[in-house]
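# sequence unknown, structure follows:
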């Protein structure tokens, strides 16, 4: 089973008690962020945003195996007053706690070979603070990579002789 970032993130939004499935958003490209900001402009609860910009690194181990390491992101965001630094820090701490629980869930799913997370690379997890977005959303963005093998043989149907 191949990892599907948007469907996995939707499952997280449905199952995590601090998240509201109706406040789940997806974004596929960085230029789509403006549209995302408009869709989130009236949010007043904790949201989960799944981003898949089709970024990937590749690893070749000289044993004729090429691996693709797509990079995915999840943003966990909550409204906070722009003028209240303590509220912003508390919001980011709460969002980080949710991100760490998502990370734990992903690690468990990887160990159980579930949801296409067999190739999850735990050492690639990153969590960074983010905000303000949409005037008053603060939280964290978590990145990670999922490795899969690549068939790099030539397809004769797409090449002229």
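All right, it came through fine. Note that this is a predicted model, so its numbers are computed, not measured. Residues are numbered from 1 along each chain as shown.

# look up how far residue 149 lies from residue 156.
Taking Cβ to Cβ, to the nearest Å as the measure, residue 156 falls 21 Å from residue 149. For glycine as for every other residue, the C-beta is placed from the backbone atoms N, C-alpha and C.

# check residue 111 too.
Taking Cβ to Cβ, one finds residue 111 at 20 Å from residue 149.

# give me the contact list for the lowest-mean-pLDDT helix or strand in the chain.
Using mean pLDDT, DSSP states H and E, the weakest-scoring helix or strand in the chain turns out to be helix 33-39, at a mean of 74. Helix 33-39 is contacted from outside by 25, 27, 49, 133-134, using Cβ atoms under 8 Å, 6 or more residues apart in numbering.

# with adjacent residues omitted, what lies nearest to residue 75?
Leaving aside its sequence neighbours, residue 75 sits nearest to residue 49 (Cβ to Cβ, 6 or more residues apart in numbering; 4.0 Å).

# in the helix or strand containing that neighbour, what's buried?
Assigned by DSSP states H and E, residue 49 falls within strand 47-60. Of all the residues in strand 47-60, those buried under the rule 16 or more other Cβ atoms under 10 Å are 47-53, 56.

# that one pairs with which strands?
strand 24-27 (parallel), strand 66-79 (antiparallel) (DSSP bridges).

# where does pLDDT dip in the protein?
Where the chain drops to pLDDT under 70, the residues are 29-33, 63.

# for this protein, just list every one of the strands.
Assigned strands in the chain, in chain order: 24-27, 47-60, 66-79, 120-133, 137-146, 148-150 (criterion: DSSP state E).

# dump those strands to JSON lines, plus distance to residue 36.
Formatted as JSON lines, those follow (distance: least, Cβ to Cβ, whole Å):
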{"stretch": "strand 24-27", "distance to residue 36": "5"}
{"stretch": "strand 47-60", "distance to residue 36": "7"}
{"stretch": "strand 66-79", "distance to residue 36": "9"}
{"stretch": "strand 120-133", "distance to residue 36": "9"}
{"stretch": "strand 137-146", "distance to residue 36": "11"}
{"stretch": "strand 148-150", "distance to residue 36": "27"}
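
# which of these sits most buried?
The highest mean neighbour count among these, using mean count of other Cβ atoms under 10 Å, belongs to strand 137-146: a mean of 23.

# got the angle between that strand and strand 47-60?
If you take axes from the mean of the first three to the mean of the last three Cα atoms, to 10 degrees, strand 137-146 sits at 30 degrees to strand 47-60.
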